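In: Okay, predicted coordinates and the sequence, questions at the end:
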Amino acid sequence: MRVAVVQFPGSNADWDALHAVRDVLGADAWYAFHKEPSLGDADAVVIPGGFSYGDYLRAGAIAGFSPIDNSIREFAGRGGPILGICNGFQILTEMGLLPGALTRNAHLRFECRDIYLRVENEGPFTGMGKGTVLRLPIAHADGRYHTNEEGLAELERNEQIAFRYSTRKGDPPNGSDANPNGSVADIAGVYNREKNVLGMMPHPERASEDILGNDDGLQVFKSLRRHLGFE
Amino acid sequence: MSTPANFPGEPDSSPEIAREFGLAHDEWVRVLSTLGRAPSYAELGVISVMWSEHCSYKSSRIHLGRLPTSGPQVVQGPGENAGAVDVGDGFCAVFKMESHNHPSYIEPYQGAATGVGGILRDVFTMGARPVASLNSLRFGRADHPKTPYLLKGVVAGIGGYGNCIGVPTVGGELQFDASYDGNILVNAFTVGIAKTDELFFGVAEGVGNPIIYVGAKTGRDGIHGATMASAEFGEETDSKLPTVQVGDPFMEKLLLEACLEIFATGCLSGVQDMGAAGLTSSSVEMAERAGNGIELDLDAIPRRTKALSPYEMLLSESQERMLMVAKKGRENEVFELCAKWDLDASIVGRVTDTGRFVCKATPGFDPFDGSGKPDPVLVVDLPVDLLTNAAPKYDRPQAMRPERASLVTMTGDAPDDLGAELLDLIGSPNIGSRSWIWRQYDHIVRDGTVIRPGEGDAALIRVFCQDGTETREKFLALSADCNGRHVEMDPFGGAAMAVAECTRNIVCVGAKPLGLTDCLNFGNPEMPEQMWRFAQAIDGLAAACTALGAPVVSGNVSFYNETDGKAIVPTPTVAVVGQLEDPRYRLGLGFVREGDVIAHLGRPSRGVLGGSEWLVERSGSSAGAFVGIDLEAEAALQHAALELARGRLVKSAHDISDGGFAVCLAEACIAHGHGARVTLPSSEDAPAHALLFSEEPSRIIVSLSPTDVGKVAEICRRYGVPFAKIGSVAGDTLAIEGVCEVPVEELAESYSTALDAIVG
């Protein structure tokens, strides 16, 4: 499997993604710098966390106009799997490749801690099966997913909701801080309609090894590898 | 050559202006006699910042020489932007801690944020990639009206900067004490990793080499910040806002990536960040280290505001700026990489062989709006030596503070319900969980945080050492400590205790201490009692660093931590970097398995309550006898603990520190929700509450498998460390025989809500 990790100047989880995909999973992976026109010969693309261009305007806002933009759109357009993590998710919504938007956490603070999420619908990155509960860390200030009622209904209808925040047992948060940011309908990750593009706020790449006390995140990358037929 | 001229509108220098700039009268006289003329206005600015306490260390220099700074592992000792210790295979850990106290009190968010930015630059200037940060924070009493605002602002500022640049903030410490009511402390630490033979230094080498300015443009922010940091606060503090800088972490991220790529090309001969005293100190210090001179063309300084004068450009502390000395003919490599990272870069001067700091600028020429034509005149012409080695050095008078004999027997009234006391103590702002703070820091970015905040006595990170295509993983343990209350009671002993606790924290996660950085926060050095505290603390640090094998490789002194004549308790914060040989040796602080044996290592408590959190809470003062420290016993304890970890004979280790024995056990229970049944170890006949809450050092609580008791006892015996089996991991309460029994759930609830009253 060949994976391009997109590198914006303010990407800071680029190493985390490269390490998880290349050193832990064993894929062939490289950085694709934002000023380069091409992603290289990739089977999949990861847009990692960070602050893309500083994000003083709005998380991910400027990244939607970068030189590498066209190749990302083109890759998505021909069905290539793209995973946007954290700031990557924000960028994908700003680019219009994913529905909805990410706004400031309800409690207005940056928050970094482990949370639980439940797989809602299967897809290239969620082949571990509906109902699977993962423990993953979050680290964001702008992770509150928002869409209007119509948008939400459409997400439900098309089975685009990949992950919802949950309790440890997989139950809905019911207003508790199991939903760490106030996301609408407890949404932690969504697919595009074609289900080849996934955005998620939690960080699977930071929970893919025993030494870090948690390898639940590896399931996301293994699912991708199975989906692409590499095992 | 002509005499340096004032710019239009600048007054002639005078004793009054010199005083306003922070120079003492005899220092002004010394300037006149050395130069043989009056300095220009810009020169007076340059001299006053370089001679400020912050830049010159004029009150501390003669004492700092007593600190031990060598050891086989030391790659770089004090004097550079940061220190470095060897971590094997040709790599070193580069680290330093620095204070940003005054700016953080004036504007907590930006003050703390730029403190983080400054320490990050110190580390990557050395050619190291920053891999983790810590911070040590002090605020006034928890119920002081300004405390919530200051705490929230400082934490948000540290997070805002560190989270954006992508360096995990993996730990730190926090204390509230009334002595910090008008003068908080924000000490920031960063460690980076570099190849030892590729370290970079702040030297202006190679006569004729161009000086290149890289990064943010210069504005009027932070002018005379170093001088502000060298004065007490008074009623006019609120008017000092313009001396605070504003940080841009995204710019710093660009600077970091560009610098590391530029360094790798080998096109530079030296580099230094523009920190305190900005362009002036970075040029002067680089010239001094190389024994050269520097000539700056101020007309070429990139700027973001109109009509900057030489004085303003030389003293601005605008953030995220670097000064590079390129090898002649290789300037383009710098420019190309700066363009890749969208950074401004301009040649602003050259290295000379004159030993002088020379600046030229054109009155009436302003590249910002294009007015005027460049026709530079001389504005600064000073010997580099005058600004560095020949700067004033003082052996300030010292006076021991009065004895506190009347208080030494104080132990507080024995409380009736010790369980309730424990619940109260563990939920107090100085003892309870800091999760509200570290949840606002990205503590896991870079995929290396093995022991997260709250999980162990020290943070443990995995660092990736890249050598060509090969990547090696190494493990570093990090801790920062100091309890100013103990230092106030006995500056020598209290400072030694800070080093002891910090290194003990390192061995409690299974790592060996390699080196130490300090951040010495004290009051006004012109007051003989403060100077005495400082000198005593230096000797205490020196004794402990020698005994415990942690040489000082970098550091910072922050004097004048006073408001309206009231000083903080002396706070010589230390941070230690240790190395874990094998990740399997790592230890957390919490009990892990029902049925494990709990043991107490070290001499049991004598029930001395002086300086303890419990007594301060109850009596309102750090009264009582000083607990004292036996550095030989401490060293033996640490050696034994390290051998136990390496033999994988214990499953958890937690040192007894703030809050004492009872709090230590409670934290070990709370971590994984296990209970414990123990007896109270004691060597003397002391009241139970004193044994529970005494903060005597040199004690560690470990848990181990019942089958390993013999082996553990034998290792302790070999090192001469008292070993006592005191109970076992059991049930869901913390039961201390004959003293108290408290459900772990209740302890956890109290612990986790400790900061709610302040930030909730």
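Out: Nice, thanks for sending it over.

In: end-to-end on stretch A:78-97?
Out: Using C-alpha to C-alpha, to the nearest Å, one end of stretch A:78-97 lies 13 Å from the other.

In: in the stretch 551-700 of chain B, which spans are helices?
Out: Taking DSSP state H, counting those that start in this stretch as the criterion, the stretch 551-700 of chain B carries its helices at B:613-619, B:631-646, B:660-672, B:688-693.

In: closest to A:R144 out of those helices?
Out: If you check each of the helices of the stretch 551-700 of chain B against A:R144 by C-beta to C-beta, helix B:660-672 wins as the nearest, at 30.4 Å. Placement of C-beta: from N, CA and C, glycine included.

In: where's that closest one relative to the chain centroid, distance-wise?
Out: 27 Å (C-alpha atoms, centre = their mean, to the nearest Å).

In: could you say what helices and strands that helix packs with?
Out: Helix B:660-672 is packed against helix B:418-426, strand B:652-655, strand B:676-678, helix B:688-693, strand B:700-704, strand B:733-736, helix B:744-752, with contacts defined by 3 or more C-beta pairs under 8 Å, 6 or more residues apart in numbering or on different chains; DSSP states H and E.

In: will you turn the helices of the stretch 551-700 of chain B into CSV that also has mean neighbour count?
Out: Formatted as CSV, these follow (neighbours: other C-beta atoms under 10 Å in any protein chain shown):
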stretch, mean neighbour count
helix B:613-619, 21
helix B:631-646, 21
helix B:660-672, 24
helix B:688-693, 24
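
In: of all the helices and strands packed on helix B:660-672, which lies closest to B:F534?
Out: strand B:652-655 (26.8 Å).

In: which helices and strands does the closest one pack with?
Out: helix B:491-508, helix B:631-646, helix B:660-672, strand B:700-704.

In: again, only this time at 7 Å
Out: The contact analysis (3 or more C-beta pairs under 7 Å, 6 or more residues apart in numbering or on different chains; DSSP states H and E) places strand B:652-655 against helix B:491-508, helix B:660-672, strand B:700-704.

In: so what's the residue in the stretch 601-750 of chain B that chain A sits nearest to up against?
Out: Residue nearest to chain A within the stretch 601-750 of chain B: B:H672 (12.3 Å; C-beta to the nearest C-beta). By C-beta atoms under 7 Å, 6 or more residues apart in numbering or on different chains, the contact list for B:H672 reads B:590-592.

In: Find me the pLDDT at it, would you?
Out: On pLDDT, B:H672 comes in at 98.

In: Tell me how many other residues surround the residue of the stretch 501-650 of chain B found nearest chain A.
Out: Closest to chain A within the stretch 501-650 of chain B is B:P583: 6.0 Å, counting by C-beta to the nearest C-beta. Neighbourhood size, B:P583 [other C-beta atoms under 10 Å in any protein chain shown]: 15.

In: quick one on the thing from earlier: among the helices and strands packed on strand B:652-655, which comes closest to B:V759?
Out: For B:V759, the closest of these is helix B:660-672, at 20.0 Å, according to C-beta to C-beta.

In: Tell me how many other residues surround B:R718.
Out: 12.

In: Also the one 10 residues further on?
Out: Here the number of neighbours of B:S728 (other C-beta under 10 Å) works out to 19.

In: got the residues of chain A near chain B?
Out: Counting by C-beta under 7 Å from any C-beta of the partner chain, the residues of chain A close to chain B are A:9-10, A:12-13, A:15-16, A:19-20, A:50-51, A:54, A:109-113, A:137, A:139, A:206, A:211-212.

In: Is it possible to mark the buried ones in those?
Out: A:9-10, A:12-13, A:15-16, A:19-20, A:50-51, A:54, A:109-112, A:137, A:139, A:206, A:211-212 (16 or more other C-beta atoms under 10 Å in any protein chain shown).

In: Identify those among the residues you listed that sit within helices.
Out: Residues of these located in helices (DSSP state H): A:15-16.

In: Take the buried ones among the residues of chain A next to chain B and keep only those in strands.
Out: A:111-112, A:137, A:139 (DSSP state E).

In: Mind putting those residues into TSV with pLDDT and distance to B:R19?
Out: Shown next, in TSV, are those (pLDDT from 0 to 100; distance: C-beta to C-beta, whole Å):
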residue	pLDDT	distance to B:R19
A:E111	97	49
A:C112	98	48
A:P137	98	54
A:A139	97	49
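
In: Pick the one among the residues you listed closest to B:E331.
Out: Of these, the one sitting nearest to B:E331 (C-beta to C-beta) turns out to be A:A139, at 39.2 Å.

In: Please name the bridge partners of that closest one.
Out: Counting by DSSP bridges, A:A139 is bridged to A:C112.

In: list the contacts for it?
Out: A:A139 neighbours (C-beta under 7 Å, 6+ apart): A:86, A:112, A:203, B:442, B:444-445.

In: Give me the contacts around stretch A:182-190.
Out: For stretch A:182-190, using C-beta under 7 Å, 6+ apart, the contacting residues are A:98-100, A:105-106, A:117, A:143-147, A:152, A:155, A:160-165, A:172-173, A:179, A:198-202.

In: Can you show me the CA trace of it as CSV?
Out: Extracted in CSV, the C-alpha atoms of stretch A:182-190 (Å, rounded to 0.1, in the frame of the first residue of the first chain):
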residue,chain,number,x,y,z
GLY,A,182,-20.7,19.4,21.8
SER,A,183,-20.8,18.0,18.2
VAL,A,184,-24.3,17.7,16.8
ALA,A,185,-25.7,14.2,17.1
ASP,A,186,-22.5,13.2,18.8
ILE,A,187,-20.8,13.0,15.4
ALA,A,188,-17.0,12.3,15.6
GLY,A,189,-16.4,11.4,11.9
VAL,A,190,-18.2,11.6,8.6
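
In: And it, what's buried?
Out: Quick answer for stretch A:182-190 (16+ other C-beta under 10 Å): A:182-190.

In: what does stretch A:145-158 give?
Out: Per 16+ other C-beta under 10 Å, stretch A:145-158 contains these buried residues: A:145-147, A:151-152, A:155, A:158.

In: Out of the residues you listed, which sit inside helices?
Out: Among the buried residues of stretch A:145-158, the residues falling in helices (DSSP H) are A:151-152, A:155.

In: Against which helices or strands is the helix or strand hosting B:I715 packed?
Out: Using DSSP states H and E, B:I715 falls within helix B:709-719. Judged by 3+ C-beta pairs under 7 Å, 6+ apart, helix B:709-719 is in contact with strand B:597-601, helix B:631-646, strand B:723-729.

In: Mean pLDDT and distance to chain A added to these, as a markdown table?
Out: Below are the helices and strands packed on helix B:709-719 laid out as a markdown table (pLDDT from 0 to 100; distance: least, C-beta to the nearest C-beta, whole Å):
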| stretch | mean pLDDT | distance to chain A |
| --- | --- | --- |
| strand B:597-601 | 98 | 23 |
| helix B:631-646 | 98 | 17 |
| strand B:723-729 | 98 | 20 |
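
In: Same list (the ones you listed) but as a markdown table, adding distance to B:G549.
Out: Below are the helices and strands packed on helix B:709-719 laid out as a markdown table (distance: least, C-beta to C-beta, whole Å):
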| stretch | distance to B:G549 |
| --- | --- |
| strand B:597-601 | 19 |
| helix B:631-646 | 8 |
| strand B:723-729 | 22 |
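
In: Any idea how many residues pack against B:V739?
Out: 17.
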